[in-house]
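Student: Sharing a sequence plus its predicted fold:
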Amino acid sequence: MIVAPNSIKALAVERARALGAGDVRVVDARADAESRERMRASFGRGDLRTWAYDDAYARAAADPQAILAGARSIVCIAVPYATAEPARPPLHGRVSNYAWSPDYHLRMRSLLSAVAGEIDRAAGAPVTAIACDTKPIAERAFAARAGLGWIGKHTNLISPSLGSFVFLGEIVTTLAFEPDAPLRKSCGSCARCIDGCPTGALRGDYTIDATRCIADLTQRTDPIPREMRALIGDWIWGCDICQVVCPPTRNAGNQGSDAFVPFDAATAAPALTELLQLRSGEFKRRYARTAMGWRGAAVLRRNAAIGLGNALDRSAVPALVQALASDPHPMVRGAAAWALGRIAAPKALEALRAHAVVESDSGVQEEITAALL
């Protein structure tokens, strides 16, 4: 029996909603030249120079044919993930809420695979391919064209009913589904995300200098630029500020399911002095299942040191002194030196002067010298 494409679309939407999707829309799979040029301009400005994006990526991301030859439609799926933030005591760090729970890529791939399987079975042949952040696809642009929401001044997709705390996933298919209409909405004159960003990463023209974004800074694997460290505050992975202050997101509230609540309070708000001592085995046990699990323990230790420096609490000095003296990674030792200089308690400065004569790494030596100025 031949099933009409739009009957298959209805089956797919029903299946996706049953699996936790907050909204499902369809867009045609034509290449998006505007998105390609916007990405190329962003790469040309150096907005994303922390990452290895180039013109080839822009071409592929704007054309669904790169994912599935003969693509005619894209099923765009949004899954809300906002849940209540646990209490955060002093000297505990902040983690972006997408990383509190099991790695969203796994959950989204499971949902997308199930819906794609429904489409394939109804079509009687494999007619789909899935994408979820790990393949080149301009997912926010296609989601906006499908009517899931609009792209805000903070560059995230904003759903009118779900806000911007949504995971996006796509099912590309060779079937021709009836497309849904885009929304006629925008941020208007609202600039709360721009005003709320501590680092000035948002330009106000719907573009972002990601090299100044806290989410980007906390994921880089080289030392965070010195001039940006004090602006990071106590964020040790990601940042939610621009979305938390966004009115539609605030109004949407916490619509995430129990699957997105934190593993435990320590995952969402880790003690910074404990995180500073994190080693590989404990890192894998605690964080391998989350979206923080791919960067390694040294990045989190570095971020913990910066968070302690911004806390300006003298009780953190012993932990920072220990990190400066014994951490195996120069990046972490350098961050500890910066934090000790920022706290500038007598014992902190004494430790910096003592370590200056034994430190062998030139980068850490430079950090010690700067900290003592």
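Tutor: Arrived safely, thanks for sending.
Student: okay, CA-based contacts and neighbour counts for the rest of this
Tutor: Fine.
Student: Look up how far residue 150 lies from residue 169.
Tutor: Distance, residue 169 to residue 150, using Cα to Cα, to the nearest Å: 16 Å.
Student: swap in residue 288?
Tutor: For residue 288, the distance to residue 150 equals 33 Å [Cα to Cα].
Student: Then residue 42?
Tutor: Applying Cα to Cα to residue 42 and residue 150 gives a distance of 19 Å.
Student: what do you get for residue 247?
Tutor: Plainly put, residue 247 is 14 Å away from residue 150 if you go by Cα to Cα.
Student: Have a look at these two and say which one is more surrounded.
Tutor: Counted by other Cα atoms under 10 Å, residue 247 and residue 150 do not tie: residue 150 has more neighbours, with 25 against 14.
Student: My understanding was that that one contacts residue 188; is that so?
Tutor: No. With contacts counted by Cα atoms under 8 Å, residue 150 stays clear of residue 188, the gap being 11.4 Å.
Student: what touches both of those two?
Tutor: The overlap between the contact sets of residue 150 and residue 188 (Cα atoms under 8 Å, 6 or more residues apart in numbering) is empty.
Student: can I assume residue 171 sits in a strand?
Tutor: Yes. Under DSSP: H, G, I helix; E, B strand; the rest coil, residue 171 sits within a strand.
Student: Low-confidence stretches in this structure?
Tutor: Low-confidence segments of the chain (pLDDT under 70): 1-2.
Student: Which residue, other than its chain neighbours, is closest to residue 248?
Tutor: Nearest residue to residue 248, sequence neighbours excluded (Cα to Cα, 6 or more residues apart in numbering): residue 163, at 5.2 Å.
Student: What residues are recorded as beta-bridge partners of the one you found?
Tutor: residue 159 (DSSP bridges).
Student: Count residues in the vicinity of it, would you?
Tutor: With other Cα under 10 Å as criterion, residue 163 counts 25.
Student: so who does it touch?
Tutor: Residues near residue 163 by Cα under 8 Å, 6+ apart: 248-252.
Student: Provide a complete list of residue ranges assigned to strands in the stretch 1-150 of the chain.
Tutor: 23-28, 73-80, 94-95, 128-131, 150-151 (DSSP state E, counting those that start in this stretch).
Student: Can you say which of the ones you listed is nearest to residue 318?
Tutor: strand 94-95 (21.6 Å; Cα to Cα).
Student: which residues touch the closest residue to residue 287 other than its chain neighbours?
Tutor: Setting aside the residues directly before and after it, residue 287 is nearest to residue 293 in space (Cα to Cα, 6+ apart), at 5.1 Å. When contacts are counted by Cα under 8 Å, 6+ apart, residue 293 touches 283-284, 287.
Student: Of those residues, just say which sits nearest to residue 102.
Tutor: residue 287 (9.1 Å).
Student: Give the buried residues for the longest helix belonging to the chain.
Tutor: Taking DSSP state H as the criterion, the chain has its longest helix at helix 104-123. Buried residues in helix 104-123, counting neighbours by 16 or more other Cα atoms under 10 Å, are found at 104-105, 108-109, 111-120, 122-123.
Student: same for it, what does it pack against?
Tutor: helix 5-18, strand 128-131, strand 166-173 (3 or more Cα pairs under 8 Å, 6 or more residues apart in numbering; DSSP states H and E).
Student: Can you lay out the ones you listed as a markdown table showing distance to residue 359?
Tutor: Below are the helices and strands packed on helix 104-123 laid out as a markdown table (distance: least, Cα to Cα, whole Å):
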| stretch | distance to residue 359 |
| --- | --- |
| helix 5-18 | 56 |
| strand 128-131 | 46 |
| strand 166-173 | 44 |
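Student: for these, which one ends up most surrounded?
Tutor: Burial of these is given as mean neighbour count (mean count of other Cα atoms under 10 Å); strand 166-173 ranks first at a mean of 25.
Student: Hmm, residue 31 is touching residue 66, no?
Tutor: No. Applying Cα under 8 Å as the test, residue 31 and residue 66 come out as separate, 9.8 Å apart.
Student: How is the chain divided into domains?
Tutor: The record's domain parsing of the chain by automatic domain parsing lists 5-173, 272-373.
Student: Report the distance from the last one to the chain centre.
Tutor: Distance of domain 272-373 from the chain centroid (Cα atoms, centre = their mean, to the nearest Å) equals 24 Å.
Student: same thing with stretch 29-48?
Tutor: Distance of stretch 29-48 from the chain centroid (Cα atoms, centre = their mean) equals 19 Å.
Student: CA-only coordinates of it in CSV, if you can.
Tutor: Output of stretch 29-48 as CSV, limited to C-alpha atoms (Å, rounded to 0.1, in the frame of the first residue of the first chain):
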residue,chain,number,x,y,z
ALA,A,29,15.1,21.0,1.6
ARG,A,30,16.3,23.7,-0.9
ALA,A,31,19.7,25.1,-0.3
ASP,A,32,19.7,28.2,1.8
ALA,A,33,21.9,30.7,0.1
GLU,A,34,21.3,33.5,2.7
SER,A,35,22.4,31.2,5.5
ARG,A,36,25.5,30.2,3.5
GLU,A,37,26.5,33.9,3.0
ARG,A,38,25.8,34.7,6.7
MET,A,39,28.0,31.9,7.8
ARG,A,40,30.7,32.9,5.4
ALA,A,41,30.6,36.5,6.6
SER,A,42,30.8,35.2,10.2
PHE,A,43,33.8,33.0,9.5
GLY,A,44,35.4,35.9,7.6
ARG,A,45,35.1,38.2,10.6
GLY,A,46,36.7,35.6,12.8
ASP,A,47,33.6,35.3,15.0
LEU,A,48,34.2,31.5,15.3
